[in-house]
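Student: Give the three-dimensional model of this entry:
(chains A and B)
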Amino acid sequence: MKHATTRQVTRAAHALRAYEQVAFSGEASLLQHDRIHTEALLAALICDLEHYANHHGIAFSNAVSAGRAIHAEENADLPTYTLGDQVRLTRQSGRCGTIIGWKNLAPDDQTHFLIDVPGVSFVYAEAARHLAPAPPFPPTATNLGTVTHANQAAQTYTSIAARLPSTAEPTRRALQHDAHKLLDALSSWSGITITQLRDGLAPPPQRKSTTQT
Amino acid sequence: MTHEREHQDVRHGWFTEILSSALNDLAHAERVITAYAAQEPDGFIAWGMAEGEAVQAHQALRQAPSLHTATPTDYATVNATADALYELARKISQSLVRAAELASDPDDKMACLQAALHADRLQETLR
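Tutor: Numbering: from 1, shown residues only, chains lettered A, B, ... in the order given. Predicted coordinates:
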């Protein structure tokens, strides 16, 4: 896929350069140096192509739709992800996280997926080509229930850590054991160290009280 | 053109109504589950995971830009059985999927889908 795209881009560059030479004969090429110029040149070429199509009785809009459809099909070969999917970030030393959303940074630009990696305070934004499906999160049995997703493990760890100071024995020991199990599972799955996880998933200092009267 | 505008307004009206209703339901579910989880001695063991999902669902939905001006209303009673909570979670999940379909703002849609994901997991913990 990568080679085909490079070849296609090279072909388009040839066509644009040839058009530029005709339109601005004798002047040095501004392609690849000036984005505004390149965009204007592209627009001018498309305008002339439409004149050409009209002159020869060709439906220009059909050609445009067909071309865009082929492009969309080529792009569709890239995997797409949905909310909750667990992915590996191939540009970020293979760390794993969960898709929490996506953004198109510019119209017609490729989608950037937003990924939450446990223990990391910021959100990653990566295109599909920099992602791969993550291995499944190892189901981790705890006293609260079996945890089956990484973000569930993170939330459960934070809940347990918040509750520990006010929990009496023997429940406290059991919950501490669960907390360690969750950190181990999260660390081996995500690639984040236990130290960083413990810091990143620590409960906020003031927890809202839920006292009953 | 006028009809299209009216249609959009109607859709947005439905969307806002479903969204507000889901937010109120989520806030209620969270309050009830948190109360259960706080009960000694084993409330946290029994309800800790459900509480986590309820909190995440509620927080996810609060990110919806269309909700920034809405304030949740208080429910009259705090009583709810575990069965009622399961039904509530199911209702919330369905409402949120419907709201996501009606949302025109992508951030609203994403907030609804994220909240629905956690509402589904909440249902799982309540089985």
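Student: State the distance from the residue most central in space within chain A to residue A:25.
Tutor: To find the centre residue of chain A, average its C-alpha atoms and take the closest one (CA atoms, centre = their mean): that gives residue A:113, at 2.4 Å. With distances defined as CB to CB, to the nearest Å, the gap from residue A:113 to residue A:25 amounts to 45 Å. The C-beta positions use only the backbone N, C-alpha and C, and glycine is treated the same way.
Student: How is the residue nearest to the centre of chain A assigned, secondary-structure-wise?
Tutor: Using DSSP: H, G, I helix; E, B strand; the rest coil, the structure places residue A:113 in strand.
Student: Do I have it right that it meets residue A:130?
Tutor: No. Using CB atoms under 8 Å, residue A:113 is not in contact with residue A:130; the gap is 9.0 Å.
Student: quick one, what contacts residue 44?
Tutor: Using chain A here. For residue A:44, the set of contacting residues under the criterion of CB atoms under 8 Å, 6 or more residues apart in numbering or on different chains consists of A:19, A:23.
Student: I was thinking of chain B, sorry if that wasn't clear
Tutor: Residues in contact with residue B:44, defined by CB under 8 Å, 6+ apart, are A:144, A:159, A:163, A:167, B:37-38.
Student: Can you tell me the element residue B:5 falls in?
Tutor: Using DSSP states H and E, residue B:5 maps to helix B:2-38.
Student: ok now that helix, how far from the chain's centre?
Tutor: Here helix B:2-38 shows a centroid-to-chain-centroid distance of 7 Å under the convention CA atoms, centre = their mean, to the nearest Å.
Student: again with stretch A:33-41
Tutor: Taking CA atoms, centre = their mean, one finds the center of stretch A:33-41 at 28 Å from the center of the full chain.
Student: now do stretch A:197-208
Tutor: Taking the mean C-alpha point of stretch A:197-208 and that of its whole chain, the gap between them comes to 26 Å (CA atoms, centre = their mean).
Student: quick one: it near chain B?
Tutor: No. Applying CB under 8 Å from any CB of the partner chain, one finds stretch A:197-208 separated from chain B by no less than 8.9 Å.
Student: Can I get that stretch in CSV, CA atoms only?
Tutor: Output of stretch A:197-208 as CSV, limited to C-alpha atoms (Å, rounded to 0.1, in the frame of the first residue of the first chain):
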residue,chain,number,x,y,z
LEU,A,197,1.2,3.2,36.7
ARG,A,198,1.1,3.6,40.4
ASP,A,199,1.8,7.3,40.1
GLY,A,200,-0.5,7.9,37.1
LEU,A,201,-3.5,5.9,38.6
ALA,A,202,-3.2,7.2,42.1
PRO,A,203,-6.6,8.5,43.3
PRO,A,204,-7.0,12.3,43.7
PRO,A,205,-6.0,13.5,47.1
GLN,A,206,-9.5,14.7,48.2
ARG,A,207,-12.1,12.1,47.5
LYS,A,208,-15.7,13.3,47.7
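Student: Identify the residues contacting it?
Tutor: The set of residues that contact stretch A:197-208 without belonging to it, under CB under 8 Å, 6+ apart, is A:118-121, A:154, A:157-159, A:161-162, A:183, A:186-187, A:190, A:192.
Student: Can you narrow these down to the ones near chain B?
Tutor: Checking the contacts of stretch A:197-208 against chain B (CB under 8 Å from any CB), the matches are residue A:159.
Student: Show me which of the contacts of stretch A:197-208 are buried.
Tutor: Among these, those buried by neighbour count (16 or more other CB atoms under 10 Å in any protein chain shown) are A:118-120, A:154, A:157-159, A:161, A:183, A:186-187, A:190, A:192.
Student: for chain B, what are the low-confidence residue spans?
Tutor: Low-confidence segments of chain B (pLDDT under 70): B:1, B:69-80.
Student: what does it have sitting close to chain A?
Tutor: Within reach of chain A by CB under 8 Å from any CB, chain B has these residues: B:34-35, B:37-39, B:41-42, B:44-45, B:48-49, B:51-53, B:55-56, B:110, B:113-114, B:117, B:121, B:125.
Student: So how do I select the buried members of those in PyMOL?
Tutor: This is the PyMOL syntax for the buried subset of those, where burial follows 16+ other CB under 10 Å:
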select buried, chain B and resi 34+35+37+38+44+45+48+49+51+52+53+55+56+110+113+114+117+121+125
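Student: Settle this for me: residue A:59 is touching residue A:53, isn't it.
Tutor: Yes. Counting by CB under 8 Å, residue A:53 is a contact partner of residue A:59 at 7.2 Å.
Student: With neighbour numbers in mind, choose between those two.
Tutor: Neighbour count, other CB atoms under 10 Å in any protein chain shown: between residue A:59 and residue A:53, residue A:53 has more, with 16 against 11.
Student: what's that one in contact with, if anything?
Tutor: Going by CB under 8 Å, 6+ apart, residue A:53 touches A:59-60, A:63.
Student: repeat that for 6 Å
Tutor: Shown in contact with residue A:53 (CB atoms under 6 Å, 6 or more residues apart in numbering or on different chains): residue A:60.
Student: next one: phi and psi at it?
Tutor: Backbone torsions of residue A:53, given as degrees, to the nearest 10, read phi -60, psi -50.
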